[in-house]
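[1] here's my sequence, what's the structure:
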Amino acid sequence: MTPTQVLKAEHEGILTMLGVFGKIRGIMASPASIPAQHLDDILDFFKEFIDTCHHGKEEKFLFPALQKAGVPREGGPIGVMLTEHETGRKYVRQMREIKKKLSDESTKALSEFAETAGLYIDLLRNHIHKENTVLFQMADNVLAKEEQDRLVEQFDRLEKEEIGEGRHESFHNLIDTLSRTYGS
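    Reported below is the predicted structural model:
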């Protein structure tokens, strides 16, 4: 498996979770309409799986390898991806803060949460499309097989050391469970 195949497979899980989150966003008439644990689990997924694991693989390993191979960071696709990663982090922080207010049954908090969730969903869907159709094709073309093999090893090590043994699989179980509960 190549590094871009690993990342594209993760994109599939992320897109499924975004579909679930979109459904939840659509049925959130009140904070009590969705179990708080489901929202906590999804926000944890966004922070740990998407940011620490997936974006970690890109930022720590793939993007530097691409830069070394001559792909510019500034004014190029890497810079755009990094900016979008930061925007996504901001949205997740905002949703965590707003979620604390949801127990107040505040319609303002519900509206703010739904708005930020929509921005996050749109951002990530567009981001994934750009990575899959532009950046990853570029990576496949400029990275030698040996470098790609090294990246896959680094991805595996990141999962074990920063996420924890079995945590990646537990997130896939969460995706499956919430997909069955809400559809995707």
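[2] roughly how far apart are residue 102 and residue 23?
    Residue 102 is 17 Å from residue 23, where distance means Cβ to Cβ, to the nearest Å. In this view, the C-beta of every residue, glycine as well, is placed from N, C-alpha and C.
[3] cool, residue 45 as well?
    From residue 45 to residue 23 the distance is 15 Å (Cβ to Cβ).
[4] looking at the two, which one has more neighbours?
    The neighbour comparison of residue 45 against residue 23 (other Cβ atoms under 10 Å) goes to residue 45, with 23 against 17.
[5] give the contact list for the more buried one.
    By Cβ atoms under 8 Å, 6 or more residues apart in numbering, the contact set of residue 45 is 17, 171, 174, 175.
[6] if you rank the residues you listed by neighbours, which is first?
    residue 17 (25 neighbours).
[7] double-check that one against residue 176; I have them as touching.
    No - assessed by Cβ atoms under 8 Å, residue 17 is found out of contact with residue 176, at 10.3 Å.
[8] what about residue 14, how many neighbours?
    Residue 14: 22 surrounding residues under other Cβ under 10 Å.
[9] and it, what does it touch?
    Taking Cβ under 8 Å, 6+ apart, one finds 49, 50, 54, 124, 128 in contact with residue 14.
[10] ditto for residue 151
    3, 61, 62, 65, 143.
[11] distance of it relative to residue 86?
    From residue 151 to residue 86 the distance is 22 Å (Cβ to Cβ).
[12] in the host helix or strand of residue 130, what counts as buried?
    Secondary structure from DSSP states H and E places residue 130 in helix 107-130. Buried residues in helix 107-130, counting neighbours by 16 or more other Cβ atoms under 10 Å, are found at 109-110, 112-114, 116-117, 119-121, 123-124, 127-128.
[13] and if you look at stretch 81-98?
    In stretch 81-98, counting by 16+ other Cβ under 10 Å, buried: 81, 82, 84, 85, 88, 91, 92, 94, 95, 98.
[14] on the pLDDT front, check the third one for me.
    The model reports residue 84 with a pLDDT of 98.
[15] check the secondary structure at it for me.
    Under DSSP: H, G, I helix; E, B strand; the rest coil, residue 84 falls in the helix class.
[16] so it touches residue 128, yeah?
    No - the criterion here is Cβ under 8 Å, and residue 84 misses it with residue 128 at 10.0 Å.
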